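J.: Show me how the following folds:
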Amino acid sequence: MTSSSRLKVSSPQRTSGGLVEILAEARVKRSLELTGSPAEIKTAAIRLLSYRARSRKELAEKLQLKGFDRRQIEEVIKLLETAGLINDRALAADLLRYAVERKSLGAKGIRMFLAGRGIDRELIDKTMAGHSPESEENAALGFAEKKLRTLKKYPPDVVKRKLWGMLQRRGFSSGVIHKTISSVL
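T.: Numbering: from 1, shown residues only. Just a heads-up that it's a prediction; the model follows:
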């Protein structure tokens, strides 16, 4: 580092109190700048929504992390809901379909997945009401058959134990797991 590129601090600022005060003042200025207007919050929210669909809760948390005011965030979220850019019900249905078809999750796994994405319990219950036990059994069977190919080198008791653990971690009930393992082994 050359002498011309060094940070120059005057002698009163070198004292620990002076430097700390300068840093604290800079943080306060930055936080005041981040409280932002509703237009800034809306822009940040739309930018977040452009990456992927988000739940109301998820979007509010992200905007709060950016330092925006909670009251203004709520106003912007209501505006975005009115415009149809945030729809927790449609998001929950899409995530349910994704969890079943792509992630091969059982009922408990789906509930955890939806809750992790900020969907509230009441909406999760309503969404799960349309989820049939047959589709859960089909998902478990498809997952088990796929994993069975990689477990052929193990003895049958080890295969059974490994499959049971894999299915359990994906949120399938013990009844579905037992039925699935009985049909694939």
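J.: mind giving me the domain ranges of the chain?
T.: Using automatic domain parsing, the domain parsing of the chain gives 17-82, 88-184.
J.: Turn those domains into TSV, including mean pLDDT and mean neighbour count.
T.: Using the backbone N, CA and C atoms, a C-beta is placed for each residue, glycine as well. Converted to TSV, the domains of the chain look like this (pLDDT from 0 to 100; neighbours: other CB atoms under 10 Å):
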stretch	mean pLDDT	mean neighbour count
domain 17-82	83	14
domain 88-184	92	16
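J.: would you list every one of the strands in the chain?
T.: Counting by DSSP state E, the chain forms no strands at all.
J.: Helices of that one, start to end?
T.: 11-14, 16-34, 38-51, 56-65, 70-82, 88-101, 107-116, 121-129, 133-148, 156-169, 174-184 (DSSP state H).
J.: on contacts alone, who are the packing partners of the last one?
T.: Secondary-structure packing of helix 174-184 (3 or more CB pairs under 8 Å, 6 or more residues apart in numbering; DSSP states H and E): helix 133-148, helix 156-169.
J.: From Thr180, how far out is Ala92?
T.: Ala92 is 26 Å from Thr180, where distance means CB to CB, to the nearest Å.
J.: Identify the residues contacting the closest residue to Glu145 other than its chain neighbours.
T.: Distances taken as CB to CB, 6 or more residues apart in numbering put Val184 closest to Glu145, at 6.0 Å, once the chain neighbours are dropped. With contact taken as CB atoms under 8 Å, 6 or more residues apart in numbering, Val184 is in contact with 141, 144-145, 148, 163.
J.: export the residues you listed to JSON lines and tack on distance to Gln64?
T.: Output for those, formatted as JSON lines (distance: CB to CB, whole Å):
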{"residue": "Leu141", "distance to Gln64": "42"}
{"residue": "Ala144", "distance to Gln64": "42"}
{"residue": "Glu145", "distance to Gln64": "44"}
{"residue": "Leu148", "distance to Gln64": "45"}
{"residue": "Leu163", "distance to Gln64": "42"}
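J.: Among the residues you listed, which one lies nearest to Glu134?
T.: Nearest to Glu134, judged by CB to CB, of the contacts of Val184 is Leu141 at 10.3 Å.
J.: quick one, what contacts the spatially closest residue to the closest one that is not a sequence neighbour?
T.: Leaving aside its sequence neighbours, Leu141 sits nearest to Thr180 (CB to CB, 6+ apart; 5.4 Å). When contacts are counted by CB under 8 Å, 6+ apart, Thr180 touches 137, 140-141, 144, 163, 167, 172.
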